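Engineer: the sequence and its predicted three-dimensional model are supplied below.
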Amino acid sequence: MSFRVTILGNSSAKPTPDKHTSAHALNVREQFFLIDCGEDTQRQLIRYGINPLKINAVFITHLHGDHLYGLFPLISTMGLYGRRTPLKVFGPKPLDEILEAHFKYFDTELPYEVQFCEVNTRAERCVFETSYMTVETIPLRHRVPCCGYLFREKEPELNIEKSAIERYGLGIAQIAAAKRGEDLTLADGTLLPASEITYRPFRPRAYAYCSDTQYSAKVARIVSGVDLLYHEATYLDVERKTAHQRGHATALQAAKVASMAGVGRLLIGHFSARYKDERVLLDEARTLFEATDLATEGRTFEIPKRRE
């Protein structure tokens, strides 16, 4: 079962000839979710082999253009492609008003419905749920209302050891009860704890997206233990004062969040255009958190399935 993220853009607001602004495509069990939608995101989706029609929902962190300007042409293109399935768009107000203005003058006759879902950027809330996953908001500290998103698999159902079925001669009803976590009483009166004959087929996986934001210890608490953390790292730490004034973080601060949270791996991105070689940001982050990678455009990061 897939759980992977493809980087579509890793640059901050200032345009550059070879980089794109913020957008990630998350594939969870072949269901696709778009996190932020900077300018030219639809071309990046096509470039990296992701059909825009497969996008189930879009999650916008905040209303700055480098995280949003690609949404409107993407909505139009989905209509041209013949989309019929409703598209949920999550984000803070007044994104709904911006969408309404777009529909008034441009996509006046879309063949599908765009459903705006308001998020409270100041609260930790579950805003989206499927049978296998939840999406929660992560309050962030930026110049405008902003939140990240935490994508987490639900606990899988228990499996039962096949050898236990034969050993204890378990029937269908007993097997079903054990999978529900219920202890069993055998025919001879012996109590058989469910924990001795069942197991979780895999450990739930989690991915957190945190951009844009100043350094926040609260974020470290919320994303504690996630497998993969994306945290903006706009500046080197020598520019910490500038980062704070502009509502951003440094590479070292991103690494500090990852270290405090005990995450499996850190991705850094949202790089300032002043850095021609982003490896200086990577080197800085790795002085504190070795398991750091650059969120390089076109690269896909897989979270493998592991048994508990």
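Structural biologist: Looks like it came in fine. Numbering: from 1, shown residues only.
Engineer: the helix or strand encompassing Ile7 pairs with which strands?
Structural biologist: If you go by DSSP states H and E, Ile7 is part of strand 3-9. Strand 3-9 has the following strand partners under DSSP bridges: strand 23-28 (antiparallel), strand 300-302 (antiparallel).
Engineer: gap between Arg307 and Pro204?
Structural biologist: Per CB to CB, to the nearest Å, Arg307 is found 12 Å from Pro204. Where C-beta positions appear, they are placed from N, C-alpha and C, glycine not excepted.
Engineer: picking that back up, give me whichever of the strands paired with strand 3-9 is most buried.
Structural biologist: Highest mean neighbour count of the strands paired with strand 3-9: strand 23-28, a mean of 23 (counted as mean count of other CB atoms under 10 Å).
Engineer: which residues touch the nearest residue in space to Leu282 that is not next to it in sequence?
Structural biologist: Ranked by CB to CB, 6 or more residues apart in numbering and with sequence neighbours excluded, the top spatial neighbour of Leu282 is Leu294, at 5.2 Å. Shown in contact with Leu294 (CB atoms under 8 Å, 6 or more residues apart in numbering): 10, 267-269, 278-279, 281-282.
Engineer: looking at those, which has the most residues close by?
Structural biologist: Ile268 (30 neighbours; other CB atoms under 10 Å).
Engineer: can you pull out the strands in the stretch 201-308 of the chain?
Structural biologist: Applying DSSP state E, counting those that start in this stretch to the stretch 201-308 of the chain gives strands spanning 206-210, 228-232, 265-269, 292-294, 300-302.
Engineer: as TSV, the ones you listed with mean pLDDT and distance to Val144 would be great.
Structural biologist: As requested, these are exported to TSV (pLDDT from 0 to 100; distance: least, CB to CB, whole Å):
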stretch	mean pLDDT	distance to Val144
strand 206-210	98	15
strand 228-232	98	14
strand 265-269	98	19
strand 292-294	98	26
strand 300-302	98	28
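Engineer: quick revisit: mind putting the strands paired with strand 3-9 in TSV, distance to Arg4 included?
Structural biologist: TSV is the format used below for the strands paired with strand 3-9 (distance: least, CB to CB, whole Å):
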stretch	distance to Arg4
strand 23-28	5
strand 300-302	4
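Engineer: nearest to Asn56, out of the ones you listed?
Structural biologist: strand 23-28 (9.3 Å; CB to CB).
Engineer: residues in contact with the closest one?
Structural biologist: Against strand 23-28 from outside (CB under 8 Å, 6+ apart): 2-9, 32-38, 41, 44-45, 48, 50, 55, 70, 132-133, 151, 153, 207, 209, 230, 295.
Engineer: filter those residues down to the buried ones.
Structural biologist: Among these, those classed as buried by neighbour count (16 or more other CB atoms under 10 Å) are 3-9, 32-38, 41, 44-45, 50, 55, 70, 133, 151, 153, 207, 209, 230, 295.
Engineer: pLDDT-wise, which helix or strand of this structure ranks last?
Structural biologist: Ranking every helix and strand in the chain by mean pLDDT, DSSP states H and E puts strand 198-199 at the bottom, with a mean of 88.
Engineer: in its sheet, which strands sit next to that one, and in what direction?
Structural biologist: Strand 198-199 is paired, per DSSP bridges, with strand 159-160 (antiparallel).
Engineer: lovely, talk soon.
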